[in-house]
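J.: Here's a sequence, model it:
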Amino acid sequence: MWITTGTAPETVPPHRAGWRLRLLGGFALDRDGEPVALPATAQRLVAFLAVRGASDRARTAWSMWASKPEERASADLRTALWRLRKAAPGLLADSTGALALAAGVTVDTRSLTGSVDPAFLRRHAAEGCPDLLPGWYDDWVLMHRELLRHRALRALEDAAGAAIRAGEPAAGLGWALEAVAADALRESGHRLVLTAMLADGNVSDALRHADLVVRLLAEQLGVRPSPQLMALIEEARSRSAVATGRARG
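T.: Numbering: from 1, shown residues only. A predicted model of the protein is given here:
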């Protein structure tokens, strides 16, 4: 009980649970740092709402159980909702309308939307831009996995281009090499690698990388470099020839 001392006691705000959801590299959920175990169907429902955003029940049931009749899919959704609310009360928004995660739930994939945090890329670059929910093969997972992968690669390439334009080719090369390591057949990353090497005066490195790219594209895809990439390769060759001529003269 409160003891009155002439002043009203301070109101203690109710504690709000801090939910954190990881989808990159695998599913994991914790509340205030404590792991929360969910049944498989509840995991799929949480991941779907995190990836797709608020969704009405009919759309959710159809997307998650597309191979089942409507009645069966609706029943499976009701079961998943019951299990989720029992295992993680408060994770879903308290609404009678569309299904959605509660406000304030931290989801790691949101770091790959809008302006991507460079710190996020640095943490995950060594892992080669981890996939969304590896081992999950639902259609909605596969489509969003490719979208997030593209965003991560674009963010790496954007960071490389920005560093090169800022007169920091060594930093740009680092970002560009991360992008190439994540997808060795993506030509835009190789163009940035050559641009950074040439901007830093490393012509011999550029020539070695050019030979690697030409061979890689031919062996893996059966194609020649694009005109944009060939222009960089020719620049490297021309600068090397000039340097060799000066050395002999």
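J.: Now the element after the lowest-mean-pLDDT helix or strand in the chain, going C-ward?
T.: Every helix and strand in the chain was compared by mean pLDDT, DSSP states H and E; the lowest is helix 118-125, with a mean of 62. As assigned by DSSP states H and E, the chain's next helix or strand after helix 118-125 is helix 139-165.
J.: Which neighbouring elements make contact with that next one?
T.: Helices and strands touching helix 139-165, by 3 or more CB pairs under 8 Å, 6 or more residues apart in numbering; DSSP states H and E, are helix 40-52, helix 118-125, helix 169-182, helix 187-199. Using the backbone N, CA and C atoms, a C-beta is placed for each residue, glycine as well.
J.: Run through who's touching the last one.
T.: It stands for helix 187-199. 153, 156-157, 160-161, 163-164, 169-170, 172-173, 175-177, 179-180, 182-183, 203, 205-206, 209-210, 213, 217, 225-226, 228-229, 232-233, 235-236, 239 (CB atoms under 8 Å, 6 or more residues apart in numbering).
J.: Could I get the contacting residues of the nearest residue to residue 36 once chain neighbours are set aside?
T.: With sequence-adjacent residues excluded and distances taken as CB to CB, 6 or more residues apart in numbering, residue 36 is closest to residue 29, at 4.7 Å. Counting by CB under 8 Å, 6+ apart, residue 29 touches 19, 20, 21, 22, 35, 36, 38, 43, 46, 88, 91.
J.: I'd say the first one and residue 106 touch.
T.: It refers to residue 19. Yes: taking contacts as CB atoms under 8 Å, residue 19 lies within contact range of residue 106: 6.7 Å.
J.: Now for residue 210: which residues touch it?
T.: Residues in contact with residue 210 (CB under 8 Å, 6+ apart) are 194, 232, 233, 236, 237.
J.: Tell me which helix or strand it sits in.
T.: helix 203-221.
J.: Run the chain-centre distance for that helix.
T.: On the basis of CA atoms, centre = their mean, to the nearest Å, helix 203-221 sits 27 Å off its chain's mean C-alpha point.
J.: where does the protein have low pLDDT?
T.: Applying pLDDT under 70 to the chain flags the ranges 1-17, 113-130, 247-249.
J.: quick revisit: SS state for the residue nearest to residue 36?
T.: strand (DSSP: H, G, I helix; E, B strand; the rest coil).
J.: Okay, it and residue 61: tell me how far apart.
T.: Residue 29 sits 22 Å away from residue 61, going by CB to CB, to the nearest Å.
J.: Residue 161 now?
T.: Using CB to CB, residue 161 is found at 43 Å from residue 61.
J.: More neighbours: those two, which one.
T.: residue 61 (23 against 18; other CB atoms under 10 Å).
J.: Isn't that one up against residue 77?
T.: Yes: using CB under 8 Å, residue 61 is in contact with residue 77, at 4.3 Å.
J.: part of a strand, is residue 66?
T.: No: counting by three-state DSSP, one finds residue 66 to be coil, located in no strand.
J.: i'd like the first residue to be 171 from this point on
T.: Happy to do that; since the first residue is 171 now, the last one works out to residue 236.
J.: What about the spatially closest residue to it that is not a sequence neighbour, how many residues nearby?
T.: Spatial nearest neighbour of residue 236, excluding adjacent residues (CB to CB, 6+ apart): residue 309 at 7.3 Å. The tally of other residues near residue 309 (other CB under 10 Å) stands at 10.
J.: sorry, back to before: next step: the contacts of residue 380 restricted to helices.
T.: 364, 402, 403, 406, 407 (DSSP state H).
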